[in-house]
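[1] I need the structure of the sequence given here:
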Amino acid sequence: MTAADTIDLTDLADRLGRLEDVKAIEDLKYRYASLCDNNYDPEGIAAQFAPDGRWVVDGEGGSMVGRDEIKAHFRALSERITWALHYVMAPRIEVSQDRNTAIGYFYLLCLCTIEKTDNPAEKDAVILTINYTDQFVKLDGKWYFQELLGKTHQVSNWEEGWVKQPFRD
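    Below you'll find the model as predicted:
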């Protein structure tokens, strides 16, 4: 065995740790989507965030800081959106050198049933797409959202589709 054939166990352990971090972050994002699909479970969703974490989605979403604000937002959202199915896809995650922070990029395709603004007794079938750029932090060995940042691409009524809906910048 030559020097070129030797395995650097420290490097190998770091590479394996990064893969485990990426998987844990993907699982966090998918767990968040599952909690949204479970009637926007406010307690469960807030628990996925760092204590001072931020949830920011443009358009009708808003901006919340801290677990209490996030819980309140999702309690109200669950009254307005009676059903949703979040398809999170195309994850791209970059873990920092020290492996304590990361940034993740995701796409969302979401089908949902939303109260009509002019008549909450009536519902609309809606399709929406969002691009996420999320910041993650590892606290006590566990990954959390530091900031979930969603940029709404489009929201459209299912019957009309996205053709008549202008795309956002």
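[2] the strands in the protein, which residues?
    Ranges of strands within the chain are 49-57, 62-65, 81-95, 101-115, 123-139, 142-157, based on DSSP state E.
[3] what's the angle between the biggest helix by length in the chain and strand 123-139?
    If you go by DSSP state H, the chain has its longest helix at helix 9-37. Relative orientation of helix 9-37 and strand 123-139, computed by axes from the mean of the first three to the mean of the last three CA atoms, to 10 degrees: 150 degrees.
[4] Quick test: name the residue nearest the centre of this protein.
    Closest to where the C-alpha atoms of the chain average out (CA atoms, centre = their mean) is residue 29, at 5.0 Å.
[5] I'd guessed it sits against residue 88; true?
    Yes. If you go by CB atoms under 8 Å, residue 29 and residue 88 touch, sitting 5.7 Å apart. Placement of C-beta: from N, CA and C, glycine included.
[6] joint contacts of those two?
    The contact sets of residue 29 and residue 88 overlap at 106, 132 (CB atoms under 8 Å, 6 or more residues apart in numbering).
[7] Going by neighbour count, list what's buried in stretch 62-78.
    For stretch 62-78, the neighbour count (16 or more other CB atoms under 10 Å) marks 64, 66, 67, 69, 70, 71, 73, 74, 77, 78 as buried.
[8] And the contacts of it?
    With CB under 8 Å, 6+ apart as the criterion, stretch 62-78 contacts 39-43, 45-47, 49, 51-56.
[9] Out of these, which end up buried?
    Buried members of the contacts of stretch 62-78, scored by 16+ other CB under 10 Å, are 40, 41, 42, 45, 46, 49, 53, 54, 55.
[10] Next, format those residues as TSV and append pLDDT.
    Converted to TSV, these look like this (pLDDT from 0 to 100):
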residue	pLDDT
40	95
41	97
42	97
45	98
46	98
49	98
53	98
54	98
55	98
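[11] Now do the buried residues in the longest helix of the chain.
    For helix 9-37, a neighbour-count test (16+ other CB under 10 Å) marks 18, 21-22, 24-26, 28-29, 32-33, 35-37 as buried.
[12] What is the nearest of those residues to residue 134?
    Within the buried residues of helix 9-37, proximity to residue 134 (CB to CB) peaks at residue 29, which comes in at 7.1 Å.
[13] mind listing what the residue lying closest to residue 111 once chain neighbours are set aside touches?
    Leaving aside its chain neighbours, residue 111 sits nearest to residue 85 (4.9 Å; criterion: CB to CB, 6 or more residues apart in numbering). Residues in contact with residue 85 (CB under 8 Å, 6+ apart) are 37, 110, 111, 112.
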